[in-house]
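Q: predicted model and sequence below, questions to follow.
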Amino acid sequence: MDKNTITGLILIFAIFIGFSVYNNSRLNKEYEKTVAVAESHYANGELETAKTEFINALRFKPNKPEIIAKINEINLKLGVSQETPKVDTATSPKIQTEIPVIPAIADSIANVGQYGVFSNASKGENDFITLENNKVELKISLKGGKVYSARLKDYKTFDSHPLILFSGDSTVFGFKFFTADNRAVKTNDLYFKPVSDKKSFLVDSKPESVSLRLLADNKGYIEFKYTLAPDKYMVDFEVSFNSMENIIASNQSSLALDWKMYIPQQEKGRINEESYSTINYKYFQGDVDGLKLRSSKDEKSDITTKLSWVSFQDQFFSSILVTNDFFLSGSVSSTHTPTSEKYIRYYETEVGVPFSTTSAKPISLKLYFGPNHILTLKKEGLQLEKVVFLGRNIISWINRFIIIPIFNWLEKYIASYGLIILILTIIIKIVLFPLTFKSYKSQAKMQVLKPLIDELGKKFTKKEDAMKKQQATMDLYKRAGINPMGGCLPMLLQMPILFAMFRFFPVSIELRQESFLWATDLSTYDSILTLPFNIPMYGDHVSLFTILMTLATILTMKMSGSTGTDQPGMKLMMYMMPVMFMFMLNNFSSGLTYYYFLANILSYGQNVVMKRFINADAVLATLEENKKKPVKKSKWQQRLEAAAKQQGMNMPKKR
C-alpha cells in the first residue's frame, strides 16, 4: 500500500468521522428545537399540537423514554387509547418506522385491568360541576374529582380578561396509593360520579357542598366533598373512605397527595411577577419557610418534617393547600417556563397524608384560592398571611405593625391611592423629622468648618503627618461642639424605613390596577414610552416616575452635605448612584418609585427650611469661645491614659 493510498484512506476516514459528528450535532439541535416547541405548546394547554411535535422529535432520536412517556401522558389527558407513534421515514432515513412504547408505561396506561377494582372508573365522559359564591367560581371536574379551574370574581388580568388562577388538564390533584393486590392507583386519572344531578351550586346565604365518589367494584368508594361558604375564598375539602379496608393495602399508613399546576401570567410586568412568585410552606407548630424569591434558577426542596400548609403563589394571588391535622413530609419544586408566553412557573408538590384503613375518620383539608391580602389571609389563621413576604426581622416588623396599619386606616377615608401614598410619605417624614434635623444640623456645621479643615490640609501636607492632621481635625470638631457621627447615625436609623417601603409596595395588592395621574397601575411600572429595543437591566420602556425619582434624588443630594467633597471621583460616584437605581427600578412598582420621588421632594423642602436654623456665625463663635477653654478629657481618655501609666510603672526597669 503506497503513500497516496494511505493518505486517501485517512482522508476518507476523516471525512466520514466529520460528517458523522456534523450529522449528530444537527440532529441534536433539531431534536432540542422540536422538544422546546412541544414543551411550549404543552405549557399553553395545546395538547394535540404538543403531541404532534413530540412525535416529530422522535424522528431525530427514536426510542427516547422521556418523549415516549410524554406522549403517553398526553394520550391519557386527552382520553384517547394508547397507540404506537408513527414516524415519517421520508424525512428521517434509517430510523425505525415504529416507536415501541416502554412496557412499564404501556402496562400502567393502556391496560385498564391494572386498576383492579377501580377498572370501571378508568373510563368515562368528563363533565364539570360549578360551585361559586360572590368571591370565587370553581369548576370541579369529574375526571380526577379535582378543582379544574378557579376564577376570582373581583379581579381581572392586566389585559382585562377574567382572572383564573389555574385551568386545564395539565393541572394535577389527587391521591396515590397501592391496593391490597399491589396495584398503583392515581385518583387524578379516574372518573368520579356526582352524588347529585345538579350541575351548578350558587352559595348565597348558607354553605353549599359538592360530593363526588370514586366507585369500586365491591360497592366501596372514595368520596371527595367540597364545601364553600358565602363571602369566602377558603373551600373545605373532605375525603372519606367507605368499605375500603379490604381494597387499600393494610400496611399503608399514609397516602401521597400529588399537586401540580401551571401558573399563568396575570400582571403586565412579567419580570416583577416572576420575582415574587414562589412556593411557601409552614412547618407544623413552626415557622413559615419557602423557596427562594427572585431566583432565576429552578428550585426544589425535600421536606422531612411535618407541615401545616403549602402555597403555590404568584405576585398577588395564591392557591394554598391546608390540613386540619398535619402532612407527614413533602417535596416542592418550582420550574421556570421562559418559552411560554402564557405561563410563568410550573409548581409541583407531593405531601404525605396520615391514613389508616381501620379509621372511619375522614381526611379534613382546606383549599384557599384567593388574593394575597394580609387581612383576608390573617382571618383564616395558621399564619397564612406570611405568604406575603414583607422582609425579615425589623423590616417585616415595621411593615406589619406600622406601615400596613397606617395604610389600611387611610384607605377607609381616601379613595385615591396616589393621595394615600402622599399622606403616608408625609406622616413618615414627620415622624422621622427629629432624626433628619439632627443629621442635617451636624452636616451643616461640618460645612461651616470646611474652610478651616482645608487649612489643616495645607498645614499637614506630608504623609507622615496624617495622624497629626486627624487629631487636629477631631479637636476642631470637638471645640465646635460637633460629633462627626452625628450626621451618619440618624441616617442609618432611617434605613429600615427605606427598606420596608421597598418590600411593601411591590406586594401590596391594594395598589393593583389602581391608577394615579399617568400611571394606570401603581403595582407595576408606569410606561410613557415603549422602546423598539431592549436595554440590558433597564428594559424596553421608559418609566416617568423612575426618572422623576432620579432627578429628585440628585437635587436633594446636591443641596445636602453630600456636595462637600472636592474629589472628582466622589462627585461622579454621587451622581452615578441615582442613575444606577433608575436602571434597577425601571421595571418596579410605580407606587414605589412615586413614593421615593415624594420622599426626595419632601427632603428637599425640609432642607430649605432647616437651612434657616443653622447660623454659620454662631458655629464659628462657639468655636472661638471653646478655643479659650482647656480641652476637657473624656472619661474614656482618662481611663486610657491611666491604664498606659499603670502599665509603664509595672514594667521592669533596665539595669
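A: Sure, I can see it. Numbers count the residues shown, from 1 in each chain.
Q: can you tell me the centre-most residue of this protein?
A: Y276 (2.5 Å; Cα atoms, centre = their mean).
Q: for that residue, what are its contacts?
A: By Cβ atoms under 8 Å, 6 or more residues apart in numbering, Y276 lies in contact with 293-294, 314-315, 389, 506-507. For the C-beta atoms, the positions are set from N, CA and C on the backbone; glycine is no exception.
Q: all strands of the stretch 351-500 of the chain, in order?
A: Under the criterion DSSP state E, counting those that start in this stretch, the stretch 351-500 of the chain contains strands at 363-371.
Q: what helix or strand does I71 sit in?
A: Element membership of I71 [criterion: DSSP states H and E] is helix 65-78.
Q: go on, I263?
A: strand 254-264.
Q: quick check: buried residues in that strand?
A: 255-264 (16 or more other Cβ atoms under 10 Å).
Q: toward the C-terminus, what is the element adjacent to the helix or strand of the chain with the lowest mean pLDDT?
A: Ranked by mean pLDDT, DSSP states H and E, the weakest helix or strand in the chain is helix 103-109, scoring a mean of 40. Counting by DSSP H and E, the next helix or strand C-terminal to helix 103-109 is strand 128-132.
Q: show the average pLDDT along that following strand.
A: Average pLDDT, strand 128-132: 95.
Q: that one - which strands sit beside it in the sheet, and in what orientation?
A: According to DSSP bridges, strand 128-132 forms sheet pairs with strand 136-141 (antiparallel), strand 200-202 (parallel).
Q: quick one: distance of the longest one to the chain centre.
A: Its chain's average C-alpha position is 26 Å from that of strand 136-141, according to Cα atoms, centre = their mean, to the nearest Å.
Q: same thing with stretch 293-307?
A: Worked out by Cα atoms, centre = their mean, stretch 293-307 lies 12 Å from the chain centre.
Q: who's in contact with that stretch?
A: Residues contacting stretch 293-307 (Cβ under 8 Å, 6+ apart): 275-276, 278-279, 281-286, 291-292, 323, 326-336, 351, 389.
Q: kindly report the same for stretch 415-428.
A: Contacts for stretch 415-428 (Cβ under 8 Å, 6+ apart): 403, 406-407, 410-411, 414, 497, 510-511, 514, 516-517, 519, 522, 591, 594-595, 598-599, 602.
Q: next: stretch 328-340.
A: 36, 39-40, 43-44, 254, 262, 274, 277-279, 281, 291, 296-307, 310, 343-354.
Q: filter those residues to the buried ones?
A: For those, buried by 16+ other Cβ under 10 Å: 39-40, 43-44, 262, 274, 277-279, 281, 291, 299, 301, 303, 306-307, 310, 343-354.
Q: now, these that are in helices?
A: 39-40, 43, 274 (DSSP state H).
Q: out of these, the closest to Q470 would be?
A: E274 (49.8 Å; Cβ to Cβ).
Q: distance-wise, check the nearest residue to the closest one once chain neighbours are set aside relative to S167.
A: In this structure, E274 finds its nearest non-sequential neighbour in I344, 5.2 Å apart by Cβ to Cβ, 6 or more residues apart in numbering. To S167, I344 is 15 Å away according to Cβ to Cβ, to the nearest Å.
Q: repeat for A69
A: From A69 to S167 the distance is 24 Å (Cβ to Cβ).
Q: repeat for M576
A: Distance from M576 to S167, by Cβ to Cβ: 47 Å.
Q: settle it for me: which of these two has more neighbours?
A: S167 (18 against 10; other Cβ atoms under 10 Å).
Q: so what's that one up against?
A: Counted by Cβ under 8 Å, 6+ apart, S167 has contacts 45, 139, 148-150, 264.
Q: one step back: neighbour-wise, give me the winner out of the contacts of Y276.
A: Neighbour counts for the contacts of Y276, by other Cβ under 10 Å, peak at Q315, which reaches 24 neighbours.
Q: quick revisit: can you say which of the strands paired with strand 128-132 is nearest to L585?
A: Nearest of the strands paired with strand 128-132 to L585, taken as Cβ to Cβ: strand 136-141 at 33.9 Å.
Q: would you mark the buried spots in the helix or strand that comes right after the closest one?
A: In the C-terminal direction, the helix or strand that comes right after strand 136-141 (DSSP H and E) is strand 147-156. Residues of strand 147-156 classed as buried: 147-152, 155 (neighbour count, 16+ other Cβ under 10 Å).
Q: most widely separated two among those residues?
A: That would be Y148 and Y155, which, of the buried residues of strand 147-156, are the farthest apart (Cβ to Cβ) at 18.9 Å.
Q: okay, now T157: neighbour count?
A: T157: 15 surrounding residues under other Cβ under 10 Å.
Q: show me the contacts for it.
A: 163, 266-267.
Q: now with 7 Å?
A: For T157, the contacting residues are 163, 266, by Cβ atoms under 7 Å, 6 or more residues apart in numbering.
Q: what's in contact with the strand holding I263?
A: Under Cβ under 7 Å, 6+ apart, the answer for strand 254-264 is 43, 166, 170-177, 188, 277, 312, 314, 319, 321, 328, 342-355.
Q: from the chain's centre, how far out does it sit?
A: 19 Å.
Q: partner strands of that strand, parallel or antiparallel?
A: Strand 254-264 is paired, per DSSP bridges, with strand 172-178 (antiparallel), strand 343-354 (antiparallel).
Q: now tabulate those in CSV and tack on distance to V431 and mean pLDDT.
A: Below are these laid out as CSV (distance: least, Cβ to Cβ, whole Å; pLDDT from 0 to 100):
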stretch, distance to V431, mean pLDDT
strand 172-178, 48, 90
strand 343-354, 38, 92
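Q: can you list these in TSV and add distance to I427?
A: As requested, the strands paired with strand 254-264 are arranged in TSV below (distance: least, Cβ to Cβ, whole Å):
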stretch	distance to I427
strand 172-178	45
strand 343-354	35
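Q: specify the angle between the helix or strand encompassing E48 and helix 65-78 in degrees.
A: For E48, the enclosing helix or strand under DSSP H and E is helix 47-57. Inter-element angle recorded for helix 47-57 and helix 65-78: 160 degrees (by axes from the mean of the first three to the mean of the last three Cα atoms, to 10 degrees).
Q: buried stuff in helix 47-57?
A: Across helix 47-57, burial judged by 16+ other Cβ under 10 Å covers 47, 50-57.
Q: stretch 177-194 now?
A: Using 16+ other Cβ under 10 Å as the test for burial, stretch 177-194 gives 177, 179-180, 183, 185-192, 194.
Q: which one of those residues sits closest to T550?
A: Closest to T550, out of all of these and judged by Cβ to Cβ, is N188, at 51.4 Å.
Q: check the closest one and give its pLDDT.
A: 91.
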